[in-house]
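Trainee: sequence? don't have it. structure:
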């Protein structure tokens, strides 16, 4: 009921209301808590707003009330049924709750029948805000914006856009009041606010239309813009709100009282939110300089995309009368405060001021972006521009997918090079120019043809070598040779897709093989020379059961007639290099099982074919005495393990590590020669003898690991026959 009184409040002149007559009094049966239980049973959620600490903190901040919460509070009212006439039969006594869910997203007024507990009705409270409007912005003329109708009793449009974006623009003074207009034609009404609102929409559209991102966090996180922020002069700043949104506070100029809400400034500040949601670059030193630079780059991109006459300046529009600007991407050293154009060069901030130079040192990456876009010569390096859009795409992927909190300039260089490879290819012009642009600003070296890693594998007769190039299998490579060397049986040159070829020498002569990746950015040369064949070498063991501390000994027969030295491998790991064909100095740990042994002879021409000596499993444990007896061995169906009484000499030897003493049989493991545990048996304490079946194990040699409960372990072997 609305009462319209006289000026002196003495008389009521008009009353607005629609009364419902003769409603029957009703008494609630349910308590408020019971009614809420019914409401939440019907309206389920993976996460309610009151379960999110950030949402709760934002609500408390906005309402200036630390006790405020999204937890539903029941109000007992008479509610009218949906789509029914306003008469007494349409009303029911209900508890009204506001239920706000984040996943799935909904906000509803839920009315629970106070007698039956059933849902009487529900009303959506998230209203679509998609009323197109027009406004005359301060710096960009007439533009279309999206607003929201704020219904009775206000009956005004406000600056909320949640049609395809999530933006809310208000004033930044006491209480953060709305900017309101009676129609969708705003003209110059609330011009600072509409200018900021449109700039935020243009930033959102750059992210979504060009880069396919839904807001700063790619999940429609709200952007709040507060204009004419009290006490904020010649500046604007970004704040990540504890309520889970991005806040941009926008001030005014000290001269002329003009809003700072230009396209590039708003784009700059919102991009801090993008950085917050992706790389989260720490706001200090070089990571902070990168943070500022990416905001400059995409603030520039917002302006370039949204107005026909763009420039490389940041923040010049608000200060146009005085020809002042904040930063210059083309000439950072001419900015409002001089910035460096070369890493650690003139104007570089080495101290702790400006949080370690976050604004000053950002000029280096800004200059990199300009050179990459437009080209230029600097620091002795020539850069050919790849265009603004391609340069920005590389910068976007560098920030969003490749950097971390403490990344520095070197990291940004590597990240942008990797991003360029993914976007344009390993041998692209874009990759060359990205590398050169970084060298031009003093980070890294100019582009050089990259050396391919060519790994040879000779055949046993040494007349054929397989070359494996360290490049992706989808690469296209041109192979050229000298002295009539053949490539997969074909004469040079040969262009193939893949990373492996066979090189053969029909004449027995050596020569060079050159591999060049398509585009010419990667290349290497391998020298092939004929070598003496290694006729049927065999690895044999000289000493295969060493005592603890004694080396394994092996020999390859015959020795290679042209070997400079031999490389010995166990389980693929290089363990020894010898000048003779004998392995005699490698000590195998007696606590491990051996694996396969192989040897490679290195000749003046390179590596010969590998010779495999087969698996070998030394058991040093077998040389250590123990009080364990295992029988029968070999076994067929059953095995008995027992502990024997010790002699006095055995007890003495146990202190030197030559004797393993088990106090009881607690666990037995069966381990095959590959080191795989095939069976485990555990026993009650106090067992001195156990007998068990082995039908479930295949015939083979096994390692038997026997343990007590005092961390003593003894290992021996058992052969199973069937």
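Mentor: In hand now; what should we look at? Nothing here was measured: the structure is a model prediction, and the numbers come from that model.

Trainee: helices and strands of this protein: which one has the lowest mean pLDDT?
Mentor: helix 648-654 (a mean of 54; mean pLDDT, DSSP states H and E).

Trainee: domain ranges for this structure?
Mentor: Listed domain ranges for the chain are 32-124, 131-277, 328-440, 450-454+461-524, 538-615, 624-720 (source: automatic domain parsing).

Trainee: Start and end of the fourth one, how far apart?
Mentor: Put plainly, it is domain 450-454+461-524. 8 Å (CA to CA, to the nearest Å).

Trainee: oh, and call the first residue 6 from now on, that's how I've got it
Mentor: Happy to do that; since the first residue is 6 now, the last one works out to domain 455-459+466-529.

Trainee: What ranges does this protein have for its helices?
Mentor: For the chain, the helices defined by DSSP state H cover 37-47, 58-68, 196-210, 216, 268-282, 290-311, 358-362, 368-379, 393-407, 414-429, 434-445, 653-659.

Trainee: can you tell me how far the closest residue in space to residue 263 that isn't next to it in sequence sits from residue 178?
Mentor: Nearest residue to residue 263, sequence neighbours excluded (CB to CB, 6 or more residues apart in numbering): residue 323, at 4.8 Å. C-beta: built from backbone N, CA, C; applies to glycine. Separation of residue 323 from residue 178 (CB to CB, to the nearest Å): 19 Å.

Trainee: Which one of the two is surrounded by more residues?
Mentor: Set side by side, residue 323 and residue 178 show more neighbours around residue 323, with 26 against 13, by other CB atoms under 10 Å.

Trainee: Next, the contact list for the more buried one, please.
Mentor: Applying CB atoms under 8 Å, 6 or more residues apart in numbering to residue 323 gives the contacts 144, 258, 263, 264, 265, 267, 270.

Trainee: longest strand in the chain, by residue count?
Mentor: When the chain is parsed with DSSP state E, its longest strand is strand 96-108.

Trainee: mind listing what's buried in it?
Mentor: Buried residues in strand 96-108, counting neighbours by 16 or more other CB atoms under 10 Å, are found at 96, 97, 98, 99, 100, 101, 102, 103, 104, 105, 106, 107.

Trainee: My read is that the second one contacts residue 125, right?
Mentor: Going back to what we said before, that points to residue 97. Yes: in this structure, residue 97 is within contact of residue 125 by CB atoms under 8 Å, at 5.4 Å.

Trainee: picking up where we left off before, which strands and helices sit next to the longest strand of the chain?
Mentor: Contacts defined by 3 or more CB pairs under 8 Å, 6 or more residues apart in numbering; DSSP states H and E place strand 96-108 against helix 37-47, strand 52-53, strand 80-85, strand 110-118.

Trainee: List the contacts of the second one.
Mentor: For strand 52-53, the surrounding residues in contact (CB under 8 Å, 6+ apart) are 75, 104, 105, 106, 107, 108.

Trainee: from the residues you listed, which is closest to residue 346?
Mentor: Closest approach to residue 346 among those (CB to CB): residue 107, at 46.2 Å.

Trainee: how close does the residue nearest to the closest one when sequence neighbours are not counted sit to residue 73?
Mentor: In this structure, residue 107 finds its nearest non-sequential neighbour in residue 52, 4.8 Å apart by CB to CB, 6+ apart. Per CB to CB, residue 52 is found 19 Å from residue 73.

Trainee: Likewise for residue 708?
Mentor: Taken as CB to CB, the span from residue 708 to residue 73 is 68 Å.

Trainee: who has more neighbours, these two?
Mentor: Applying other CB under 10 Å to residue 708 and residue 73 shows that residue 708 carries more neighbours, namely 20 against 13.

Trainee: Just give the closest residue to that one, not the sequence neighbours.
Mentor: Closest residue in space to residue 708, ignoring its immediate chain neighbours: residue 676 at 4.3 Å, by CB to CB, 6+ apart.

Trainee: Can you get me a residue count around residue 268?
Mentor: So residue 268, with other CB under 10 Å, has 27 neighbours.

Trainee: What residues does it make contact with?
Mentor: Residues near residue 268 by CB under 8 Å, 6+ apart: 144, 145, 204, 207, 304, 307, 308, 311, 312, 322.

Trainee: Can you add pLDDT, distance to residue 584 and neighbour count and give those back as JSON lines?
Mentor: Output for the contacts of residue 268, formatted as JSON lines (pLDDT from 0 to 100; distance: CB to CB, whole Å; neighbours: other CB atoms under 10 Å):
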{"residue": "144", "pLDDT": "95", "distance to residue 584": "79", "neighbour count": "18"}
{"residue": "145", "pLDDT": "95", "distance to residue 584": "79", "neighbour count": "17"}
{"residue": "204", "pLDDT": "98", "distance to residue 584": "74", "neighbour count": "33"}
{"residue": "207", "pLDDT": "98", "distance to residue 584": "72", "neighbour count": "20"}
{"residue": "304", "pLDDT": "97", "distance to residue 584": "66", "neighbour count": "29"}
{"residue": "307", "pLDDT": "98", "distance to residue 584": "68", "neighbour count": "27"}
{"residue": "308", "pLDDT": "97", "distance to residue 584": "70", "neighbour count": "30"}
{"residue": "311", "pLDDT": "95", "distance to residue 584": "73", "neighbour count": "20"}
{"residue": "312", "pLDDT": "90", "distance to residue 584": "75", "neighbour count": "18"}
{"residue": "322", "pLDDT": "90", "distance to residue 584": "76", "neighbour count": "23"}
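
Trainee: so which of these comes closest to residue 410?
Mentor: Of all the contacts of residue 268, the one sitting nearest residue 410 is residue 304; the distance, using CB to CB, is 21.8 Å.

Trainee: right, and that closest one touches residue 279 too?
Mentor: No: Residue 304 is beyond contact range of residue 279, at 11.1 Å (criterion: CB under 8 Å).

Trainee: Return every residue with contacts to both of these two.
Mentor: Shared contacts of residue 304 and residue 279, counting by CB under 8 Å, 6+ apart, come down to nothing at all.

Trainee: Compute the number of surrounding residues for the closest residue to residue 101 other than its chain neighbours.
Mentor: Take residue 101 and drop its neighbours on the chain: the residue closest to it by CB to CB, 6+ apart is residue 80, 4.7 Å away. Here the count is done by other CB under 10 Å, and residue 80 has 13 residues near it.

Trainee: next one: residue 606
Mentor: The local packing of residue 606 (other CB under 10 Å) involves 25 other residues.

Trainee: Equivalent analysis for residue 724, please.
Mentor: Taking other CB under 10 Å as the neighbour definition, residue 724 ends up with a count of 12.

Trainee: Please tell me the pLDDT value assigned to it.
Mentor: Per-residue pLDDT puts residue 724 at 83.

Trainee: I figured the residue nearest to residue 708 hits residue 705, correct?
Mentor: No: taking CB under 8 Å as the definition, residue 676 is not a contact partner of residue 705, at 10.9 Å.

Trainee: Give me the more crowded residue out of those two.
Mentor: Shown here are residue 676 and residue 705; by other CB under 10 Å, residue 676 has more neighbours (18 against 13).

Trainee: and that one, what are its bridge partners?
Mentor: With DSSP bridges applied, residue 676 shows beta-bridge pairing to residue 682, residue 708.

Trainee: give the contact list for it.
Mentor: Residue 676 neighbours (CB under 8 Å, 6+ apart): 598, 682, 683, 707, 708, 709, 710.

Trainee: Quick check: residue 534 touching residue 567?
Mentor: No: using CB under 8 Å as the test, residue 534 is too far from residue 567 to be in contact (10.5 Å).

Trainee: Find residues that contact each of those two.
Mentor: 609, 610.

Trainee: one step back: from the contacts of residue 676, list the buried ones, please.
Mentor: Among the contacts of residue 676, those buried by neighbour count (16+ other CB under 10 Å) are 598, 707, 708, 709, 710.

Trainee: Of all pairs in those residues, which one is the farthest apart?
Mentor: Top of the distance list for these (CB to CB): 598 and 709, 12.7 Å.

Trainee: so where's the stretch 356-505 of the chain uncertain?
Mentor: 465-467 (pLDDT under 70).

Trainee: same thing but 90
Mentor: The stretch 356-505 of the chain contains residues with pLDDT under 90 at 430-432, 455, 460-470, 475-480.
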